[in-house]
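>>> Below is the structure, and that's it, no one-letter string:
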């Protein structure tokens, strides 16, 4: 149970860090891709994904039992990169670097799915919606790079 609390705390910390850097006047004036959803969509999607990320991380940790397992390491790596995306995109106003960041997140998500599968199919499958959302987010990010 202590591992679950630590993992939840790490995910909450990541989500909280992301809320520091939010869309503002710079973002409002950008030309956005045609499939950009309204702003209110992001909160419930990310809330759901963060819960899935936490539960998947806990399952992987519980089954692996060590920090050096590739599933645990890829989970931690994607969480760190996830935390920095909002800072890079909104804080630094640098969509090009944010796109590189999001592609690395996707690579680590795929690594987690692959490595966690042998530990917990549930943990692995919990990351599939996250992967799909990150692909969509990468489309939005790249669209902003290309349109502006």
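That came through, no problem. Keep in mind that what you see is a predicted model, and the values were worked out from it rather than measured.

>>> if I look at the residue most central in space within the chain, how far off is residue 34?
Geometric centre of the chain, nearest residue: residue 82, 4.2 Å, by Cα atoms, centre = their mean. Distance of residue 82 to residue 34, computed by Cβ to Cβ, to the nearest Å: 25 Å. Using the backbone N, CA and C atoms, a C-beta is placed for each residue, glycine as well.

>>> Residue 106 now?
For residue 106, the distance to residue 34 - Cβ to Cβ - is 22 Å.

>>> coming back round to it: isn't the residue nearest to the centre of the chain right up against residue 105?
Yes - at 5.9 Å, residue 82 counts as touching residue 105 under the criterion of Cβ atoms under 8 Å.

>>> For those two, list the residues in contact with both.
Here residue 82 and residue 105 have no joint contacts, going by Cβ atoms under 8 Å, 6 or more residues apart in numbering.

>>> where in this protein is pLDDT low?
1 (pLDDT under 70).

>>> mind listing the helices for it?
Listed in chain order, the helices of the chain (DSSP state H) span 2-20, 25-28, 42-64, 70-86, 95-117, 121-126, 128-147.

>>> Which residue, neighbours along the chain excluded, lies closest to residue 26?
residue 93 (5.1 Å; Cβ to Cβ, 6 or more residues apart in numbering).

>>> quick one, phi/psi of the one you found?
Main-chain dihedrals, residue 93, degrees, to the nearest 10: phi 50, psi 50.

>>> Quick one: residues contacting residue 111.
Going by Cβ under 8 Å, 6+ apart, the list of residues near residue 111 reads 70, 74.

>>> Recalculate using a threshold of 6 Å.
residue 74 (Cβ atoms under 6 Å, 6 or more residues apart in numbering).

>>> oh, and call the first residue 513 from now on, that's how I've got it
With 513 as the first residue, the last one maps to residue 623.

>>> Tell me how far it lies from residue 657.
25 Å.

>>> okay but residue 576 is in contact with residue 585, surely?
No - at 9.5 Å, residue 576 does not count as touching residue 585 under the criterion of Cβ atoms under 6 Å.

>>> Between those two, which is the more surrounded one?
residue 576 (21 against 18; other Cβ atoms under 10 Å).
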